[in-house]
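>>> Following is a predicted model, sequence given first.
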Amino acid sequence: MIVVNYFARYREQLGSGGEKLALDAGLRTVDDLRRRLMARGETWAAVLGENSLMCALNQDLCKLDAVIEDFDEVAFFPQVTGG
C-alpha cells in the first residue's frame with residue numbers, strides 16, 4: 001500500500017487530497033504511478049501531465065524516475081514560487 005497526496009490547486013482540480021493505492025508489479029516508479037493516475041481521464045491527464053509538476057517521495061523532492069516501495073508516500077504538487 002502506498003499513500004498518494006495531492007496539494008495546492010491539484011487538490012481542488014482533482015477533487016481529492018489523497019488516497020491509498022495497492023502497490024503492484026506495474027508500479028515501480030513515481031512516473032509509473034503518475035501515468036496510471038493520468039489514465040483516469042482528461043482532468044487527471046491535464047493536471048499530472050503538467051511540465052511544472054513537482055513530486056516528493058517520503059517528503060523529499062524527487063524525480064519521476066524515483067523507485068517506490070510498499071508503505072511509501074508520494075506527493076504531487078504544482079511548482080511554487082517564493083517572494
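That came through, no problem. Note that this is a predicted model, so its numbers are computed, not measured.

>>> use CA for all of it now, contacts and neighbours both
Will do.

>>> Dihedrals phi and psi, I68?
Per-residue torsions, I68: phi -110, psi 150 (degrees, to the nearest 10).

>>> what about it, how many neighbours?
The tally of other residues near I68 (other CA atoms under 10 Å) stands at 20.

>>> again with Y10
If you count neighbours by other CA under 10 Å, Y10 ends up with 19.

>>> export the helix or strand harbouring it as CSV, just CAs?
Assigned by DSSP states H and E, Y10 belongs to helix 9-14. Provided in CSV are the C-alpha atoms of helix 9-14 (Å, rounded to 0.1, in the frame of the first residue of the first chain):
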residue,chain,number,x,y,z
ARG,A,9,-4.5,23.6,-6.7
TYR,A,10,-4.1,19.9,-7.6
ARG,A,11,-6.2,19.1,-4.6
GLU,A,12,-9.1,21.3,-5.9
GLN,A,13,-8.8,20.3,-9.6
LEU,A,14,-8.8,16.5,-8.8
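
>>> What are the contacting residues of it?
Here helix 9-14 makes contact (CA atoms under 8 Å, 6 or more residues apart in numbering) with 17-18, 43-44, 47, 76-78.

>>> Show me what the helix ranked longest in the chain packs onto, helices and strands only.
Longest helix in the chain, counting residues (DSSP state H): helix 30-38. Under the contact criterion of 3 or more CA pairs under 8 Å, 6 or more residues apart in numbering; DSSP states H and E, helix 30-38 touches helix 42-48.
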